[in-house]
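Enquirer: from the sequence below, what's the structure:
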Amino acid sequence: MNEKTRDAVLAIGFAGVSGGVAARLIALGYRPISVSDPQAAAARLGREPAPVRAALVPADAAFLTPGSLFRLIRASGPNSLRCVSLGARADESHAERLRLAGVSAMLWAPHTERELRFAVNRALYDAGHGQSRLHPRAATDLVARIRIGTREKAGLVYSLSAHGCYVETERPSVPDSFVSVNVPLPDGALELPARVLWANVPGNMLRTNLPHGMALSFTHVSEGQERALASFVSEQLAAQGIAARGDGAVAASGMTRAWARLREWITPTAAA
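Expert: Numbering: from 1, shown residues only. So this is what the prediction gives:
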């Protein structure tokens, strides 16, 4: 893969430059930028020729104090840097400290490479980056059956929402074609008609940080199916430690609340 086509991701405060998180990011198709702390990250942003929109931080990093990442986010300017913490499952008080520091999503250990890829892609392409999504989506390891007429093939559901999915397969269907996808949820399989929006194929990778496959939009979802899909997505996001997000307004309101809590923390209470 051409180094220039890789999305850059800040890896802040992880031990080692050539191993660990940096090596995992390279294997997943990203270009890691390893730095020691948010101050070094802000300085590096000024030297990067292309926008940097995602950062990973250790959930137990000493530099994660109230407001520490918001300064870095401001330094990213219109690129709207989003920070994801990696680490052991946090209790609510620890999670609140991470949010006050500027963390927008938390990925708990242990997590798979697919979940890490999903969390990074979510930071790169979430609302505010010109790719607003109305429905939360989650990483999955569901094996779906895709039917095209009388033919059938299997695919791995990389991500799923109440109205569409991305299916990992070496044999994606042609864009604008129609298929039927069988999604095996824990409470019962759903048979959903869908249209192929676009395909990622060797030699024509529209998204180099995604596996080979195709993006599907469900063309008809009943109320019961939508509830089942939304419930499953919500459970998956909770299990992965990622709060469900919808469109830009939802994401913006979450950031506004974090800023309000931060101001309360740093502003002395007026004497009565």
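
Enquirer: so which strand or helix has Ile33?
Expert: Assigned by DSSP states H and E, Ile33 belongs to strand 31-35.

Enquirer: that strand packs against which elements?
Expert: strand 8-12, helix 21-27, helix 38-45 (3 or more C-beta pairs under 8 Å, 6 or more residues apart in numbering; DSSP states H and E). The way it works is simple: take the backbone N, C-alpha and C, and place the C-beta from them, glycine included.

Enquirer: just name the most buried of the ones you listed.
Expert: strand 8-12 (a mean of 24; mean count of other C-beta atoms under 10 Å).

Enquirer: mind checking the pLDDT average for that one?
Expert: On average, the pLDDT along strand 8-12 is 94.

Enquirer: same thing with stretch 90-98?
Expert: 89.

Enquirer: now it - C-alpha only, CSV.
Expert: Provided in CSV are the C-alpha atoms of stretch 90-98 (Å, rounded to 0.1, in the frame of the first residue of the first chain):
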residue,chain,number,x,y,z
ALA,A,90,-13.2,1.7,33.1
ASP,A,91,-15.6,2.3,36.0
GLU,A,92,-17.9,5.4,35.7
SER,A,93,-15.6,7.7,37.6
HIS,A,94,-12.6,6.7,35.4
ALA,A,95,-14.7,7.1,32.3
GLU,A,96,-15.8,10.5,33.4
ARG,A,97,-12.1,11.5,33.9
LEU,A,98,-11.4,10.3,30.4
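
Enquirer: now it, how far from the centre of its chain.
Expert: 20 Å (C-alpha atoms, centre = their mean, to the nearest Å).

Enquirer: which of the residues in that stretch are buried?
Expert: For stretch 90-98, the neighbour count (16 or more other C-beta atoms under 10 Å) marks 90, 94-95, 98 as buried.

Enquirer: dump these into a markdown table; add distance to Leu25 as well.
Expert: As requested, the buried residues of stretch 90-98 are exported to a markdown table (distance: C-beta to C-beta, whole Å):
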| residue | distance to Leu25 |
| --- | --- |
| Ala90 | 22 |
| His94 | 24 |
| Ala95 | 24 |
| Leu98 | 20 |
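
Enquirer: what about the residues you listed, which are in helices?
Expert: Among these, DSSP state H puts 94-95, 98 in helices.

Enquirer: now do Thr208, the pLDDT please.
Expert: Model confidence at Thr208 (pLDDT) stands at 71.

Enquirer: oops, could you answer that again for Gly67 instead?
Expert: Taking Gly67 on its own, its pLDDT is 92.

Enquirer: pretty sure it contacts Arg97?
Expert: No. Gly67 is beyond contact range of Arg97, at 11.4 Å (criterion: C-beta atoms under 8 Å).

Enquirer: let me know the average pLDDT across the strand holding Ile33.
Expert: According to the model, strand 31-35 has a mean pLDDT of 92.

Enquirer: just the C-alpha atoms of that strand, please, in PDB.
Expert: The C-alpha trace of strand 31-35 is given here as PDB (Å, rounded to 0.1, in the frame of the first residue of the first chain):
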ATOM      1  CA  ARG A  31       0.300   5.500   9.200                       C
ATOM      2  CA  PRO A  32       1.000   5.800  12.900                       C
ATOM      3  CA  ILE A  33       2.600   8.900  14.300                       C
ATOM      4  CA  SER A  34       4.100   7.900  17.600                       C
ATOM      5  CA  VAL A  35       4.600  10.800  20.100                       C
END
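
Enquirer: how about the helices in the stretch 151-272 of the chain?
Expert: 223-240, 248-266 (DSSP state H, counting those that start in this stretch).

Enquirer: longest strand in this structure, by residue count?
Expert: strand 188-200 (DSSP state E).

Enquirer: contact partners of it?
Expert: 164-165, 172-183, 206-207, 210-221, 225, 228-229 (C-beta atoms under 8 Å, 6 or more residues apart in numbering).

Enquirer: do stretch 33-50 as well
Expert: Contacts for stretch 33-50 (C-beta under 8 Å, 6+ apart): 8-14, 16-17, 22, 52, 55, 63, 68-69, 71-72, 75-76, 81.

Enquirer: out of those, which are buried?
Expert: Buried among the contacts of stretch 33-50 (16+ other C-beta under 10 Å): 8-14, 22, 52, 55, 68-69, 72, 75-76, 81.

Enquirer: thanks a lot, see you next time.
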